[in-house]
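Trainee: below are the sequence and a predicted model; questions follow.
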Amino acid sequence: MYAFDIERPSSVSEAVEALKNEEAQALSGGQTLIPTLKQRLAAPEKLISLTGISDMKGICEGAGGSVCIGGATTHGEVAEGASAYPALAELASHIGDPAVRNRGTIGGSLANNDPSACYPAAALGSGALIVTNTREIAADDYFEGMFSTALDEGEIITEVRFPVPECANYQKFVQPASRFALVAVFVAKYADGVRVAVTGASEDGVFRWTDAEQALNADFSVDALENLKCSEEGMIEDMHGSAAYRAHLVKVMTKRSVGAC
Amino acid sequence: MTKVSMSVNGRAVSGETEGRTLLSQFLREELNLTGTHIGCDTSQCGACVVHVDGKAVKSCTMFAAEAEGADVMTIEGMANTDGSLGMIQQAFQDHHGLQCGFCTPGMVMSAADLLKNNPKPTETEVRAYLEGNICRCTGYHNIVKAIMAASGQDVTIAAE
């Protein structure tokens, strides 16, 4: 690693102030950023650790049947504490491994927007609200492609608000070495419609499979998906799977999600 | 350099660190607690697992500065006060839960974390909990046996 300094502010406003330094970068659980630093793929002069900010930790049940999760809440805490949204708790309980889940955070995962990460699928699939120190961003406007988001420089995710659906399910086809999703699908059924979010598959990162949403809005059943085909255009193609294989998996995992919902 | 202070195995310690000093490095190089092993240094293998404020973490993927004020427990803290092996360590010895032993500190720390939250895990739960701990010698069976024994359960396990 290149050398850098670490600051550990105890409030959001202190962190925002510290991040005004152009050479500073936010550090949450570090389960992606620290390996990246070790490979010298990033060289910030200063890291601003967000894990000492108690206001950004914890889970609460908000108005109108929603679950709010502080940006610095770990995957392990969500797995244990988000019982009001079981599919979300279940998703969190299968990210990485137990020790990684005790450090990695929801805000860090969403800010990084890894194209194979789990949380982007939950946020987009639930139509969650990404709350930052300056504004609220709808999930539909937040994800802007692989490792790219609507966040501005120095903007911090302080909370994520999930509306709780009538039913939801997440199915992950695991890449066996990395444990990331080779393809995973989050299906959530709300009173005003079904949302289907896919991670791991597309070169543009997480996306909504709108054909499946339309079919499921008309008939929420596995059979409703039978005649659909997910396009392989823009799918990731690598040593772990071809674009056609990933497109095929999108349908398989969507059917499993609906079947388990 | 910044001064960090924490409690390690019940003892108050402090030392000078750089921002980039990893917790694993601080434990091994500043405190000479070399029981915490660095296997892969890429967050995969789990040989460096320690407990920070009661939770298992990979000490190679956390900065020492982030453990300021924390309660850290390492493999050196797992022995009984008279120096004899702790219950989980003893079970690893009794059931030959190690061959080269390099992964063992992390295995024991992960096992302790599991048993604290789930005192009577099933074999499937033990195997799932060890997802982030890699052993290249044993094939895991004897490790699972040792953890089942440490939880006071039958050690007859089904091979997967």
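Mentor: Now that the structure is in, tell me what you want to look at. Remember, predicted model here, so these are calculated numbers, not experimental data. Numbers count the residues shown, from 1 in each chain, chains lettered A, B, ... in the order given.

Trainee: A:Asp238: how many residues sit nearby?
Mentor: When neighbours are counted by other CB atoms under 10 Å in any protein chain shown, A:Asp238 registers 10. C-beta here means a position set from N, CA and C on the backbone, and glycine is covered the same way.

Trainee: how near is it to A:Lys255?
Mentor: As judged by CB to CB, to the nearest Å, A:Asp238 and A:Lys255 stand 24 Å apart.

Trainee: same check on A:Ala201?
Mentor: 15 Å.

Trainee: which one of the two is surrounded by more residues?
Mentor: Set A:Ala201 next to A:Lys255 and count neighbours by other CB under 10 Å: A:Ala201 wins out with 31 against 21.

Trainee: contacts only, for whatever residue of chain A ends up closest to chain B.
Mentor: Residue of chain A nearest chain B, by CB to the nearest CB: A:Asp97 (2.7 Å). A:Asp97 sits next to A:179, B:46, B:131-133 when contact means CB atoms under 8 Å, 6 or more residues apart in numbering or on different chains.

Trainee: inside helices: which ones of those?
Mentor: Among these, no member falls in helices (criterion: DSSP state H).

Trainee: only the buried subset of these, as a ChimeraX command please.
Mentor: Here is the ChimeraX selection string for the buried members of the contacts of A:Asp97, based on 16 or more other CB atoms under 10 Å in any protein chain shown:
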select /A:179 /B:46,131,132,133
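
Trainee: possible to save the contacts of A:Asp97 as CSV with distance to A:Leu88 and pLDDT?
Mentor: Listed next are these as CSV, based on distance: CB to CB, whole Å; pLDDT from 0 to 100:
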residue, distance to A:Leu88, pLDDT
A:Arg179, 19, 81
B:Gly46, 26, 97
B:Glu131, 20, 94
B:Gly132, 21, 95
B:Asn133, 26, 97
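
Trainee: pick out whichever of the contacts of A:Asp97 sits closest to B:Gly10.
Mentor: Ranked by distance to B:Gly10 (CB to CB), these are led by B:Gly46 at 23.5 Å.

Trainee: what sits against the closest one?
Mentor: Contact analysis of B:Gly46 by CB under 8 Å, 6+ apart lists A:97, A:99, B:39, B:58, B:103, B:106-107, B:110, B:130, B:132-134.

Trainee: look up how far A:Val12 lies from it.
Mentor: As judged by CB to CB, B:Gly46 and A:Val12 stand 33 Å apart.

Trainee: can you list the residues of chain B near chain A?
Mentor: For chain B, the residues in contact with chain A (CB under 8 Å from any CB of the partner chain) are B:2, B:18-20, B:22, B:41-43, B:46, B:49, B:52, B:55-58, B:61-63, B:65-66, B:68, B:110, B:113-114, B:129, B:131-133.

Trainee: one more time with 7 Å, if that's ok
Mentor: Residues of chain B lying close to chain A (CB under 7 Å from any CB of the partner chain) are B:18-20, B:41-43, B:46, B:49, B:55-58, B:61-63, B:65-66, B:68, B:110, B:113, B:129, B:131-132.

Trainee: low-confidence stretches in chain B?
Mentor: Scanning chain B for pLDDT under 70 picks out B:157-160.

Trainee: pick out the residue in it sitting closest to chain A.
Mentor: Closest residue of chain B to chain A, CB to the nearest CB: B:Gly132 (2.7 Å).

Trainee: so that residue touches A:Ala99, yeah?
Mentor: Yes. Taking contacts as CB atoms under 7 Å, B:Gly132 lies within contact range of A:Ala99: 5.1 Å.

Trainee: quick one, strands of the chain?
Mentor: Since no chain was named, I'll use chain A. Secondary structure of chain A (DSSP state E): strands at A:5-7, A:24-27, A:46-49, A:59-62, A:66-70, A:129-132, A:136-138, A:157-163, A:167-174, A:181-190, A:193-199, A:207-208.

Trainee: switch to chain B, that's the one I care about
Mentor: Taking DSSP E as the criterion, chain B carries its strands at B:2-8, B:11-17, B:49-52, B:55-58, B:71-73.

Trainee: out of those, which comes closest to A:Ala215?
Mentor: Taking CB to CB, strand B:55-58 is the member of the strands of chain B nearest to A:Ala215, at 42.5 Å.

Trainee: list the contacts for the residue nearest the centre of chain B?
Mentor: Most central in chain B under CA atoms, centre = their mean is B:Met109, positioned 2.6 Å from the mean C-alpha point. When contacts are counted by CB atoms under 7 Å, 6 or more residues apart in numbering or on different chains, B:Met109 touches B:49-51, B:56, B:75.

Trainee: remind me, longest helix of chain B?
Mentor: Chain B, longest helix under DSSP H: helix B:104-117.

Trainee: show me the domain layout of chain A.
Mentor: A:5-49, A:57-163, A:167-260 (automatic domain parsing).

Trainee: the strands of chain B into JSON lines, with extra columns for mean neighbour count?
Mentor: Listed next are those as JSON lines, based on neighbours: other CB atoms under 10 Å in any protein chain shown:
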{"stretch": "strand B:2-8", "mean neighbour count": "17"}
{"stretch": "strand B:11-17", "mean neighbour count": "14"}
{"stretch": "strand B:49-52", "mean neighbour count": "27"}
{"stretch": "strand B:55-58", "mean neighbour count": "28"}
{"stretch": "strand B:71-73", "mean neighbour count": "20"}
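
Trainee: B:Ile75 contacts B:Cys103, doesn't it?
Mentor: No. Checked against CB under 7 Å, the pair B:Ile75 and B:Cys103 is beyond contact range at 11.3 Å.

Trainee: confidence score at A:Pro176?
Mentor: At A:Pro176, the model reports a pLDDT of 83.

Trainee: list the contacts for residue 78?
Mentor: As the question left the chain open, I've gone with chain A. A:59, A:69, A:88-89, A:92, A:106.

Trainee: to clarify, I was referring to chain B.
Mentor: Contacts of B:Met78 by CB under 7 Å, 6+ apart are B:86, B:88-89, B:108, B:112.

Trainee: how about the residues of chain A near chain B?
Mentor: A:1, A:3-6, A:8, A:30-31, A:34-35, A:38, A:47, A:49, A:51, A:96-100, A:102-103.

Trainee: need the contacts of B:Met109 in TSV (columns: distance to A:Gly76).
Mentor: Formatted as TSV, those follow (distance: CB to CB, whole Å):
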residue	distance to A:Gly76
B:Val49	14
B:Val50	16
B:His51	13
B:Ala56	9
B:Ile75	21
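
Trainee: relative to A:Asp219, which of those is nearest.
Mentor: Distance to A:Asp219 across the contacts of B:Met109 (CB to CB) is lowest for B:Ala56, with 45.1 Å.
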